[in-house]
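*Asks:* Here you go, sequence then predicted model.
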Amino acid sequence: MRIFHTKQVSYDMPAMPGKISAGILLYRKPYPLTEVMLVHPGGPFWKNKDSGAWTIPKGEPMEKELLQDAAWREFFEETGYQLKRGGRVLTPVRQKAGKWIHAWIVEGDFDTSALKSNTFELEWPPKSGVKRSFPEIDKASWFSLLSARKKINPAQVALLDDLDAILKNEF
């Protein structure tokens, strides 16, 4: 079994549910014209939010699920696209509310118009007693690294910085 290490975590260990998400930062070259694919959360709360609302496809691991398994599963559930395994682990980042994001960079391509996200149910409008179904992700798009820094959740900018540094070293 291949073991990924950073200062914070060993990636062959099962994750505990909650306060941790695992995801994929999908990118396409050539450097320095690299683009990254980000997703926009669905549902009424995120409907009119743009800058700072986009994210990498990610989600919480199930009990005893390996973080890298959770990352690939979540990517598929949120996009409908099955990525090949591989990639490179990034340094985890901590979001404002305290959740740690563990991410892998994967080079690839995805037709964002083919997005097929899973859904969730929510009482909407609040206290109406009416349950409605919403897509977990309502859109996906490719962004330059510069544009992505403006769109992505501010805590996840460090993931873009790590990707940029890795690609700069390979260039």
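*Replies:* All right, it came through fine.

*Asks:* Not counting its neighbours along the chain, what's nearest residue 134?
*Replies:* Spatially, and ignoring its direct neighbours in sequence, residue 134 is nearest to residue 43 (4.2 Å; Cβ to Cβ, 6 or more residues apart in numbering). C-betas here are computed from N, CA, C, even on glycine.

*Asks:* Now residue 171: closest residue in space, sequence neighbours ignored.
*Replies:* residue 31 is the one closest to residue 171 (Cβ to Cβ, 6+ apart), at 4.8 Å.

*Asks:* go on, residue 35?
*Replies:* Nearest one to residue 35, counting by Cβ to Cβ, 6+ apart, is residue 142 at 4.5 Å.

*Asks:* thinking again about what came up before, how much space between the residue nearest to residue 134 and residue 132?
*Replies:* Separation of residue 43 from residue 132 (Cβ to Cβ, to the nearest Å): 9 Å.

*Asks:* Specify which residue of these two has the higher count of neighbours.
*Replies:* residue 43 (17 against 14; other Cβ atoms under 10 Å).

*Asks:* residue contacts, the more buried one?
*Replies:* 120, 122, 134, 135, 136, 138 (Cβ atoms under 8 Å, 6 or more residues apart in numbering).

*Asks:* Buried subset of those, written for ChimeraX?
*Replies:* In ChimeraX, the members of the contacts of residue 43 classed as buried (16 or more other Cβ atoms under 10 Å) are selected with the following command:
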select :134,135,136
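
*Asks:* so which of the contacts of residue 43 comes closest to residue 61?
*Replies:* Sorting these by how near they are to residue 61, with Cβ to Cβ, puts residue 136 at the top with 15.8 Å.

*Asks:* bridging residues for the closest residue to residue 29 other than its chain neighbours?
*Replies:* Leaving out its chain neighbours, the residue that sits closest to residue 29 by Cβ to Cβ, 6+ apart is residue 107, at 6.7 Å. On the basis of DSSP bridges, residue 107 is bridged to residue 27.

*Asks:* if we can go back for a sec, three-state assignment of the residue nearest to residue 134?
*Replies:* Classification of residue 43 by DSSP: H, G, I helix; E, B strand; the rest coil places it in coil.

*Asks:* Could you do the one 3 residues further on as well?
*Replies:* Applying three-state DSSP to residue 46 yields a three-state assignment of coil.

*Asks:* Fine by me, thanks again.
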